[in-house]
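Participant: Could you look at this predicted model? Sequence included:
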Amino acid sequence: MMKGSDVRALCRFCAALALVASLACAAAAQDGDLTSSAGVFVNPPTAKRKAGGEKGSARRPLKPRRARAGASPAAPPSNSPAARSEPTAETLISKAEADFAAGRFVEAAASYEQASKLNARDAETLHALGRSYEAAGNSDRALEAYKKALAVEPDDDDAQLDLADLLSEKGRHAEAVEVYKQVVRKTPSNAEAQAGLGDAYHALKRYAEAAAAYKEAARLNPGDAELLQSLGYVLGREKRWPEAVSALKQAIQLRPDFNDAYVNLSWVYNNSNQFDASVAILKQVIARRPDLPNAHFNLGFAYTRMAQTGGKKGDALKALYAQGAEAFGVAVRLRPDWPEAHTNYGGALGGTGRFKEAIASHLEALRLRPEYPGALFNLAVAYRKDGNKKEALNTYEKLKALNPKLADTLYPLVK
């Protein structure tokens, strides 16, 4: 049985750990994710997802070509001198379409470019030229072609969407917002434009505006699980917990194997102190996919937060920290290069009184990331609880040189 003084000390230790986790969140589970004192919140991709997901695939097919007044006359017989020397716009377009369909994007762009020179006011050809350049990997020429197409036909929603999507993919999200908004103003029922607008706002971290756009897109297209996942994410960043829970649950209902949605739902539950619900949802995904480090990581946080806030004492308190340590330990084994997993593993071990093992975990976190304020903080506390005041103060001095404000919080715990 733990003494009352030990319980209070462990509570102070783990409360400090929670503070540090929220401050030292730079090394996330993957680029763009948020790692905080509630675990990992997986950031969905914000670049528009094209149908099929492959380079050169079109989100929407190009519209059938219209018969145009003043179009080039029919091609002369193939054995005539004219056919051999001067291809018409129509023959060039036919060749370009065949090349594009066959995945020969460079050749398609060359033919569309020639055709556009024969008829510079043909918006369809300019649009197709942009598609070909984009598929060939020449995004700058693609942007130029899309803009030329829109100069001829300013209200072409498809060309505007292609332009906005490409701007987003190039990281020019503020410009993309303005183009998406043009489409939304004209056609509020365009779910793709609303989703693209949400993605652009999301990338700009304008989460409230992203949520509004995603909500409208989800209303128009309620069967899109990825869209609902993105909505749940931005609502979570806005701390709108009940709405985030609703969106993520809908995503899971549509896609029961949507692992990131389970992880994100657990993060929202952890933030809203619904730890039992977090444990339940994580056990579901872990039973199906035991190899997901993020799920084990968030489970560790759920158990340690239950220990910190649940009023448990003695062996019951120690058991919660032990469950947290077990979960963090699995995350470490699955991803041994993750500094945050190591230091939080150490924190949970400390909650069980296993301070020497905790010290080793914090040292491993620092080996992986030498200038990690959170790990230095936790290491100093673990040294102090293990009775090594000298190393605790030495570690405090290292933290003071790196993060004086955090060191001020540490000092009362190790002096």
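Facilitator: All right, it came through fine.
Participant: Show me the helices in the stretch 151-300 of the chain, by range?
Facilitator: Ranges of helices in the stretch 151-300 of the chain, per DSSP state H, counting those that start in this stretch, are 157-169, 173-186, 191-203, 207-220, 225-237, 241-254, 259-271, 275-288, 293-309.
Participant: Quick one: closest of these to G351.
Facilitator: helix 293-309 (6.1 Å; C-beta to C-beta). Heads up, the C-betas are built off the backbone N, CA and C, glycines and all.
Participant: Quick check: buried residues in that closest one?
Facilitator: Using 16 or more other C-beta atoms under 10 Å as the test for burial, helix 293-309 gives 293-308.
Participant: Chain neighbours aside, what residue packs nearest to L34?
Facilitator: Excluding the flanking residues, the one nearest L34 by C-beta to C-beta, 6 or more residues apart in numbering is F41, at 4.2 Å.
Participant: and the one you found, what does it touch?
Facilitator: Going by C-beta atoms under 8 Å, 6 or more residues apart in numbering, F41 touches 33-35, 233, 236-237, 263-264, 267.
Participant: let's see it at 7 Å
Facilitator: Contacts for F41 were tallied using C-beta atoms under 7 Å, 6 or more residues apart in numbering; they are 33-34, 236, 264, 267.
Participant: Scan those and report the most crowded one.
Facilitator: Using other C-beta atoms under 10 Å as the neighbour criterion, N264 leads those with 32 neighbours.
Participant: close enough to count as contact, that residue and V40?
Facilitator: No: taking contacts as C-beta atoms under 7 Å, N264 lies outside contact range of V40: 8.5 Å.
Participant: coming back round to it: find the pair from the contacts of F41 with maximum spatial separation.
Facilitator: Between any two of the contacts of F41 (C-beta to C-beta), the greatest distance is 12.0 Å, for D33 and G236.
Participant: What is the burial count for E192?
Facilitator: Neighbours of E192 using other C-beta under 10 Å come to 21.
Participant: What separation do you get for it and P339?
Facilitator: Applying C-beta to C-beta, to the nearest Å, the value for E192 to P339 is 39 Å.
Participant: and if you look at K215?
Facilitator: 36 Å.
Participant: Then A115?
Facilitator: 55 Å.
Participant: Same drill for those two, tell me which one is more crowded.
Facilitator: A115 (26 against 21).
Participant: In this structure, which residue is most central in space?
Facilitator: Centroid-nearest residue in the chain: N43, 2.3 Å away (criterion: C-alpha atoms, centre = their mean).
Participant: Validate this expectation: that one resides in a helix.
Facilitator: No: checked against DSSP: H, G, I helix; E, B strand; the rest coil, N43 lies outside a helix; its state is coil.
Participant: Over to it: give its phi and psi.
Facilitator: Torsion angles at N43 (phi, psi; degrees, to the nearest 10) stand at phi -80, psi 110.
Participant: show me the contacts for it.
Facilitator: Contact analysis of N43 by C-beta under 7 Å, 6+ apart lists 32-34, 233.
Participant: change it to 6 Å
Facilitator: 32-33 (C-beta atoms under 6 Å, 6 or more residues apart in numbering).
Participant: Distance from the helix or strand containing N394 to the middle of the chain?
Facilitator: If you go by DSSP states H and E, N394 is part of helix 389-402. Using C-alpha atoms, centre = their mean, to the nearest Å, the mean C-alpha position of helix 389-402 is found 35 Å from that of the whole chain.
Participant: Tell me the buried residues in that helix?
Facilitator: Here helix 389-402 shows 391-392, 395-396, 398-400 as buried, counting by 16+ other C-beta under 10 Å.
Participant: Looking at the residue nearest to the centre of the chain now. What's its pLDDT?
Facilitator: Per-residue confidence (pLDDT) for N43: 95.
Participant: how near is it to R237?
Facilitator: 9 Å.
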